[in-house]
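*Asks:* have a look; sequence and predicted model below, questions after that.
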Amino acid sequence: MLTETRNPFGRYLVAYCARHITPHEVLLMHRLCELRRHKWLTLVFMIATRLGDGPLWGVSGLVLLAVGGAAGRRAVVAAALAIGASILLFKAVKNLIGRPRPCAAWADLTCLLAPPDRFSFPSGHTMTAFAACAAYAELLPGSTLLFLPAALVIGASRVFLGLHYPTDVLVGALLGSGLGLAAVRLLGWAGIF
């Protein structure tokens, strides 16, 4: 298993995970790999991951701008701020921690898609999905029924496709949710809402 990283804290965290957490995650991922024999399930997760690349949030933003009224416009601004903050944060944390992707660390865990970068912690797709979901949930009551399942499936797809460990997704969901809520509060505090 790889434990190379750029800084001492990242090296310690990667080593700790490799010793205490990752073996359990790898067992779960092996079980998920067995489900890849169901082509329809693999297709669902491929589509979810591709929607998490940005199209879901772009289309939902355009729809809300067109028909969502003032509340929809506020939600789009908050979600865009939260997504932007998520992108900046996950790139910085990935480079700081340097946790290798499962397919780079475990020969028997394959990726069904090419990874967008070298590091896995935290999951950027999951972070941005939960950032948008949290912002929408705060400003558009009832939207959680649509966006939370989408965010959950996007996060699960990253593990199923072999791109992330479960803890990458869990931390991405927590950080993204926090950023989504913080964006709403910040815009409200700044008097924009």
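*Replies:* Great, that's in hand.
*Asks:* quick one: the helices in this protein?
*Replies:* Remark: helices assigned in the chain by DSSP state H are 8-16, 22-34, 39-52, 55-67, 69-97, 102-105, 124-139, 144-160, 166-189.
*Asks:* so, low pLDDT: which residues of this protein?
*Replies:* Residues of the chain meeting the criterion pLDDT under 70: 1-7, 9-10, 193.
*Asks:* give me whichever of the helices of the chain is most buried.
*Replies:* Neighbour counts (mean count of other CB atoms under 10 Å) averaged over each of the helices of the chain peak at helix 124-139, with a mean of 29. Bear in mind the C-beta positions are built from the backbone N, C-alpha and C, glycine included.
*Asks:* how distant is it from the center of its chain?
*Replies:* How far helix 124-139 lies from its chain's middle: 9 Å, per CA atoms, centre = their mean, to the nearest Å.
*Asks:* over to stretch 41-55?
*Replies:* With CA atoms, centre = their mean as the basis, stretch 41-55 stands 12 Å off its chain's centre.
*Asks:* make 25 the starting number, not 1.
*Replies:* Got it, the first residue is 25 from now on, which makes the last one we talked about stretch 65-79.
*Asks:* hmm, who's touching that stretch?
*Replies:* Stretch 65-79 is touched from outside by 59-60, 136-137, 149-150, 152-153, 174, 177-178, 180-182, 184-185, 187, with contacts defined as CB atoms under 8 Å, 6 or more residues apart in numbering.
*Asks:* the residue positioned nearest the centre of the chain: what's it in contact with?
*Replies:* Ranked by distance to the mean C-alpha position of the chain (CA atoms, centre = their mean), the top residue is residue 150 at 1.2 Å. Residue 150 sits next to 76, 175, 178, 179, 182, 188, 192, 193, 196, 197, 200 when contact means CB under 8 Å, 6+ apart.
*Asks:* mind redoing it with 6 Å?
*Replies:* Residues near residue 150 by CB atoms under 6 Å, 6 or more residues apart in numbering: 179, 193, 196, 197.
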